[in-house]
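J.: Got a predicted structure here, sequence first:
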Amino acid sequence: MKIIGLHFGHDASITIIIDGKIVVHVLAERHNRVKHSVGLRAAEMDAALSAADLEWREIDCCAVVSTQDLEIMTGLVGDDFAIRPGETKQHPVPSPFMQLLESAGTPLESLLVKGLQKVAELDEERAALPENQRWTKIFPEWQEFRAGRISSIGWLNVFIAHDRWNAGRGMEDIRTDGIDPAMFGNATRLGMHIPVTVSWKGHSVPGYFVDHHVCHAASAYYRSGFENSAIITHDGGDASRNLSGLFCYGQGSRLFTLGPHHLALGGIYRAMGIKLGFGAIGPEGKLMGLSSYGQPRFFDSRFVGNVHDSQKRFGEGPFSAWYRHCLKLAEQAHYDLLHGEASQVLNPISVDMAASTQKLFAEGYLLAAEVLHQGLAESDRGTANLCLTGGAALNCPSNSRLYNESAFRDIYIDPNCDDGGLSVGGALFIFHNLMDHPVDLATAKNNRSPFFGLQWPAGLSEEIFVDAGQRYAVSKPDNMAASAAKDLDENKVLALYEGRSEMGPRALCHRSVLANPTDHGNWARVNGIKGREAWRPFAPVVIEEKMQDWFAGCPTHSPYMLFTARVRSRRLPAITHVDGSSRIQTVSAETGAIYQILREFDALTGIPVLMNTSLNGPGVPIVERPDEAYELFKDSAVDVLYLNGMRIGKN
Ligand SMILES: [Fe+2]
């Protein structure tokens, strides 16, 4: 069974699974070099199919998904590419939602939304707002689209819903109501998809639109290896329209949608990042880094809850209420109120608003986890397992608080829990939930590897070595790991490029910059090399079996850099945040060359830890191809490039 997952929203991606196993994952931004890029193109589709050794006509089924409100740019793939929603030919799994629409006489077309079209029609003043301007930056074909030269079809934000879901329930209402037993049947399990037909290159493939958050849930749950699990999906979608995330429950091959939680934590976090001057593209990561500099002096438990709690308590949306509250307290405490410019991010008001928002975020998640845990226990489906997914699961300090303080004992988070992972989730949802294939542990383990990027031909690297030989010292060390460890001990900054690229937004050591963590100066030095703000912190990689000697307070197996730990040693100043925390990645032999490099570095220095950051320039995606790594090396102050086993060193 060959299934292709196509995600057309921001962080667009393609995933092909064969008999449940991921064989390739292509994140569009790595190929068109526009961070968070919207839409898919024919070249990316062809590259993914070719990597899986398949033709389009050999695909059995297709999952289609997009970001909330974002239409699907069919015309970007080509004039011969079309998606027809609602068409039911060849589909083995019925869609109760389609049947419901038909019996209600609701045309499917009336539900399809085109959010980018609305932005394109705005006047200049509104188009200049950060939220709108964002699209012109991450959708490279924006001008062409605006001129009406790219065809599209609308995306579906709503699928089957329970009456309770639209009742404006606060978090305590959700707790009190408990979980309707019907949710553990097929009422919503088979209500989160509709049939579509995808035609390209003269051949039609049956497929399904799959709900955005259900794709997030499937991406985490089917890879987790858990026999059953509570699942929380959350991102920056509009909580007042039930688009910010779901409570779900997975059991065996089945994924049950329990209902929306109406959390607005992702939206609050993002809006605060923009207020503090981080811009509309990726403010969340910077806010997370900044939060370690402040104290949560503005935190107030009255703000913990969902969008409906906020309306009931304050008569307004959660961010406006929260922001006004922070400003009021800051004024009363005689803070300098200046914030919002890059030069003001380290002002006391900025760092304390960041720390307070971080605490609000974690407390909101903890409450939601408690409500879900209790609801499942009362439904005789109690579980100690939790899957976290959606872009909000990239928040490492909050994830660690859930690990340390919630009733859940095991937490799994997918490495591409942001929208980049939706193509994985869509494909797995069809294979397991719709087609009823059981989940086996070996397949789930295969699918937990993040290294499913394209394999680049050896010839590309050979060309680089020839060019590099005329400018730099090029060698093939007998023991690459020992050579790299020696370079790091000599305080050189290394770029490490190895094999297939990692999924998700974080560099997991196939496309990384590495430095010695014991030299505090490397903090500013590597920020300088990468063109980042000097205050932004760095993450460490650590040998998994030695993790507990150096870090505490997070899972000992943390392979995707998704948890924050407390640093137990003073010998790692370059990777220790000002509050003594660090966002760690644990490394085992499966990770690749980095494992041996760490072992050799440990043998030399007694320290099984290195500083690790992504191999990219400012504002652009992580490099994908070997020649991109080489270009970055040439143009930057990186001292040495290890590229597929070869060493290229500057003199
Ligand atoms: Fe999402």
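T.: Great, that's in hand. Residues are numbered from 1 along each chain as shown.

J.: Can you tell me how far Glu144 is from Ala28?
T.: Using Cβ to Cβ, to the nearest Å, we find Glu144 at a distance of 16 Å from Ala28. The way it works is simple: take the backbone N, C-alpha and C, and place the C-beta from them, glycine included.

J.: Count residues in the vicinity of Ala442, would you?
T.: Ala442 has 10 neighbours, counted by other Cβ atoms under 10 Å.

J.: I'd like the mean pLDDT over the strand or helix carrying it, please.
T.: Assessed by DSSP states H and E, Ala442 sits inside helix 441-448. On average, the pLDDT along helix 441-448 is 97.

J.: Excluding covalently adjacent residues, which one is nearest to the residue in the stretch 351-500 of the chain that the ion sits nearest to?
T.: For the stretch 351-500 of the chain and the ion, the shortest gap (Cβ to the ion) falls at Asp419, measuring 4.5 Å. Sequence neighbours aside, Asp11 is the residue nearest to Asp419 in space, at 4.3 Å (criterion: Cβ to Cβ, 6 or more residues apart in numbering).

J.: Tell me, how many residues neighbour the one you found?
T.: Other residues lying near Asp11 total 24 when counted by other Cβ under 10 Å.

J.: Now it. Its backbone dihedrals?
T.: Dihedral pair for Asp11: phi 50, psi 40, per degrees, to the nearest 10.

J.: can you tell me which residues contact it?
T.: Taking Cβ atoms under 8 Å, 6 or more residues apart in numbering, we find Asp11 in contact with Leu27, Ala28, Glu29, His36, Ser37, Thr67, Asp418, Asp419, Gly420.

J.: Isn't the second one up against Leu40?
T.: Yes: with contact defined as Cβ atoms under 8 Å, Ala28 and Leu40 form a contacting pair (5.9 Å).

J.: okay, Glu144 and Ala28: which has more neighbours?
T.: Of the pair Glu144 and Ala28, Ala28 is the one with more neighbours under other Cβ under 10 Å, namely 29 against 14.

J.: Name the nearest residue to the more buried one, sequence neighbours excluded.
T.: Spatial nearest neighbour of Ala28, excluding adjacent residues (Cβ to Cβ, 6+ apart): Ala12 at 4.1 Å.

J.: So that neighbour versus the ion, what's the distance?
T.: Using Cβ to the ion, to the nearest Å, Ala12 is found at 12 Å from the ion.

J.: cool, Ser558 as well?
T.: Using Cβ to the ion, Ser558 is found at 22 Å from the ion.

J.: what does Glu624 give?
T.: Glu624 is 23 Å from the ion, where distance means Cβ to the ion.

J.: Now do the SS call for that residue.
T.: Secondary structure, DSSP: H, G, I helix; E, B strand; the rest coil: Glu624 is coil.

J.: What of Ile16?
T.: strand.

J.: Tell me who's in contact with the closest residue to the ion within the stretch 1-150 of the chain.
T.: Nearest residue of the stretch 1-150 of the chain to the ion (Cβ to the ion) works out as Thr67 at 6.3 Å. By Cβ under 8 Å, 6+ apart, the contact set of Thr67 is Gly9, His10, Asp11, Val38, Trp155, His212, Asp419.

J.: for these, which one is nearest Gly469?
T.: Closest approach between those and Gly469, by Cβ to Cβ: Asp11, at 37.6 Å.

J.: what is in contact with Ala28 and Leu40 at once?
T.: Both Ala28 and Leu40 are in contact with Ala12, Ile14, where contact means Cβ under 8 Å, 6+ apart.

J.: related to what we said a few turns ago, centre of the chain versus the helix holding Ala442, how much separation?
T.: Taking Cα atoms, centre = their mean, to the nearest Å, one finds helix 441-448 lying 19 Å from the centre of the chain it belongs to.

J.: which parts of it are buried?
T.: For helix 441-448, burial by neighbour count (16 or more other Cβ atoms under 10 Å) applies to Thr443, Ala444, Asn446, Asn447, Arg448.

J.: what sits up against the helix or strand just after it?
T.: Moving toward the C-terminus from helix 441-448, the next helix or strand (DSSP H and E) is helix 458-469. Residues from elsewhere that reach helix 458-469 (Cβ under 8 Å, 6+ apart): Val474, Arg625, Pro626, Asp627, Tyr630, Leu643, Asn644, Met646, Ile648.

J.: one step back: which residue, neighbours along the chain excluded, lies closest to the residue of the stretch 1-150 of the chain closest to the ion?
T.: In this structure, Thr67 finds its nearest non-sequential neighbour in Gly9, 2.7 Å apart by Cβ to Cβ, 6+ apart.

J.: Thr389 touches His212, doesn't it?
T.: No: taking Cβ under 8 Å as the definition, Thr389 is not a contact partner of His212, at 11.3 Å.

J.: Check the stretch 101-250 of the chain for the residue nearest the ion and tell me.
T.: Residue nearest to the ion within the stretch 101-250 of the chain: Asp235 (3.6 Å; Cβ to the ion).

J.: For Ser95, give me its contacts.
T.: Neighbouring residues of Ser95 by Cβ under 8 Å, 6+ apart: Thr88, Leu190, Gly191, His193, Ile194, Pro195, Tyr208.

J.: The residues you listed, buried ones only, as a ChimeraX selection?
T.: Command for ChimeraX that selects the buried part of the contacts of Ser95, burial taken from 16+ other Cβ under 10 Å:
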select :190,191,193,194,195,208
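
J.: Mind picking the two most distant members of the contacts of Ser95?
T.: Largest pairwise distance in those, by Cβ to Cβ, is 15.6 Å, between Thr88 and Gly191.

J.: ok so, going back, per-residue pLDDT of the residue nearest to Asp419, please?
T.: pLDDT, Asp11: 98.

J.: Please apply the same query to Ala128.
T.: Reported pLDDT at Ala128 in the predicted model: 84.

J.: Ok, Gln90 next?
T.: So, for Gln90, pLDDT stands at 71.

J.: Setting aside sequence neighbours, what's the nearest residue to it?
T.: Spatial nearest neighbour of Gln90, chain neighbours left out: Pro206 (4.2 Å); criterion: Cβ to Cβ, 6+ apart.

J.: Please list the residues outside the one helix or strand Val513 maps to that contact it.
T.: Element membership of Val513, judged by DSSP H and E, is strand 511-515. For strand 511-515, the surrounding residues in contact (Cβ under 8 Å, 6+ apart) are 484, 488, 491, 493-497, 501-502, 507, 522, 525-526, 529-530, 538, 541, 574, 594, 597, 610-616, 622-624, 629, 638.

J.: Among those residues, name the ones in strands.
T.: Counting by DSSP state E, the part of the contacts of strand 511-515 found in strands is Leu494, Ala495, Leu496, Tyr497, Val541, Leu610, Met611, Asn612, Thr613, Ser614.

J.: Who does the third one form a beta bridge with?
T.: The partner list for Leu496 in beta bridges (DSSP bridges) reads Ser512, Tyr642.

J.: Only the buried residues of whichever strand or helix holds Ala482, if you could.
T.: Per DSSP H and E: Ala482 is located in helix 480-489. The neighbour-count check on helix 480-489 (16+ other Cβ under 10 Å) flags Met480, Ala481, Ala482, Ser483, Ala484, Ala485, Asp487, Leu488 as buried.
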